[in-house]
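Visitor: Dropping a prediction and its sequence here:
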Amino acid sequence: MEQILPVALVVLVCVGVWAVVEVALTMRSARRDIDKLTSSATEVIEQAQPVVAKLDGIADELEPAAKRVTPLLERTEGAVGTADESLARLNGILGDVSSVSGAASSVTDAVRGVAESAASGVAGVVSRLRGETPASERAPKLDGAAAPEPPAPADDARGEERYVDYGAVAGDARATDEEAPAASAEPQKED
């Protein structure tokens, strides 16, 4: 065994020398890689410096504008609030216009009904004076309904002229108006 010990020591020394050489080679390649990395990082930093300087300049230029944005937003908020109030007022006005339009429509319907009643009453009186059919059967309605064709005039009435006595018409109209609502009233004598 004693002969193995010197051989083992020689092998261990060789392995130690080999390990030291490997560590030295690794350190050299690591130093070279670190130098390359340092030089490329330096280049990137040198190239980034002008960009950073420009960004600083832009930030300095935008700072006054950024200070103006807050009051501008406050003014915009006020304008939007005013616009909302105006729209609410307009909505109220349109509601009033709608109610006035509805009332005008009701008044128009009432006036149309009165005009239709008056027209049919006058037509009835005139037809009674002429001795023709009642006006309700031949007078056109104001609602837009098609009117029936008027009857042809009698052959014997063509050449004769008729005059209306307004006193008699007024008496007939009063008599007609009073007879319709009061069925139990006594008939009036005509002049």
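Guide: Structure's in. What do you need?
Visitor: Counting by contacts, list what the helix or strand that I58 is a member of packs against.
Guide: Per DSSP states H and E: I58 is located in helix 4-130. Packing partners of helix 4-130 (3 or more Cβ pairs under 8 Å, 6 or more residues apart in numbering; DSSP states H and E): helix 135-138, helix 166-179. No exception for glycine: its C-beta is placed from N, CA and C like everyone else's.
Visitor: for the record, mean pLDDT for the shortest one?
Guide: It stands for helix 135-138. In this model, helix 135-138 carries a mean pLDDT of 51.
Visitor: do the same with the longest one
Guide: Per-residue pLDDT values across helix 166-179 average out to 52.
Visitor: cool, and stretch 112-122?
Guide: On average, the pLDDT along stretch 112-122 is 88.
Visitor: Take it, keep the C-alpha atoms, and write them as CSV.
Guide: In CSV, the C-alpha atoms belonging to stretch 112-122 read as follows (Å, rounded to 0.1, in the frame of the first residue of the first chain):
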residue,chain,number,x,y,z
ARG,A,112,-115.8,72.1,-34.4
GLY,A,113,-118.7,70.6,-32.6
VAL,A,114,-120.4,73.9,-32.1
ALA,A,115,-119.8,74.9,-35.7
GLU,A,116,-121.2,71.6,-36.9
SER,A,117,-124.2,72.0,-34.7
ALA,A,118,-124.8,75.6,-35.9
ALA,A,119,-124.3,74.6,-39.6
SER,A,120,-126.6,71.7,-39.3
GLY,A,121,-129.2,73.9,-37.5
VAL,A,122,-129.0,76.6,-40.2
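Visitor: buried set for it?
Guide: Judged by neighbour count using 16 or more other Cβ atoms under 10 Å, the buried positions of stretch 112-122 are S120, G121.
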